[in-house]
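S.K.: Just a sequence and a predicted model for now, questions to come.
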Amino acid sequence: MSRIGRMPIAIPAGVTVEIAENNQVTVKGPKGTLTRVLPKEMEIKKEGEEVLVSRPNDLKRMKSLHGLTRTLIHNMVVGVTEGYQKVLEINGVGYRAAKQGKTLTLSLGYSHPVEMTDPEGIETTVENQTKIIVKGIDKEKVGQFAAEIRSKRGPEPYKGKGIKYADEVIRRKVGKTGKK
């Protein structure tokens, strides 16, 4: 039995969970509303202040969907109560970020500034030109937009220049050595 899939999802105060046909789950909370269609094979039941996920049989596909379904619902509940955020750091001489309205402008050593617009439901803030915070209620969208920002100039292993996650560790390499 899936250890993650078996665990019940506690519904905090101020959050409502609705399960429609075809396993369309809607979670409403203080930060917003999230809707997602989950695999129709899974049985999702709301019992009191908990949501339970069960699987019909022990096929390999059902086992893998069991934990996934439970985790997706849990991420929705956490998203509408606390929200998610990713912190990115910019390292390098002359590398900086600026925010104007919904547009994030990055100066990353290219001949042109890189401009990115915040997607729907995602908010970015810039602290002291080298720290970007991506916030939102959908964990998937927050992670995806943070990855897109990072991909504009990923960290390089010699000097560590580029955009990296705040908790990311860059494995450094030794540069060239002169001939003797």
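M.R.: That came in fine, so what should we check first?
S.K.: Pick out the residue closest to the middle of this structure.
M.R.: Centroid-nearest residue in the chain, with CA atoms, centre = their mean: residue 143, separated by 2.9 Å.
S.K.: Which secondary structure state is assigned to it?
M.R.: helix (DSSP: H, G, I helix; E, B strand; the rest coil).
S.K.: For it, which non-adjacent residue is spatially closest?
M.R.: Sequence neighbours aside, residue 86 is the residue nearest to residue 143 in space, at 6.6 Å (criterion: CB to CB, 6 or more residues apart in numbering). C-beta coordinates here come from the backbone N, C-alpha and C atoms, glycine included.
S.K.: That neighbour falls within a helix, correct?
M.R.: No. Residue 86 is assigned strand when assessed by three-state DSSP, not a helix.
S.K.: Give me the distance between it and residue 135.
M.R.: 8 Å (CB to CB, to the nearest Å).
S.K.: shouldn't the residue nearest to residue 143 be in contact with residue 144?
M.R.: No. Taking contacts as CB atoms under 8 Å, residue 86 lies outside contact range of residue 144: 10.0 Å.
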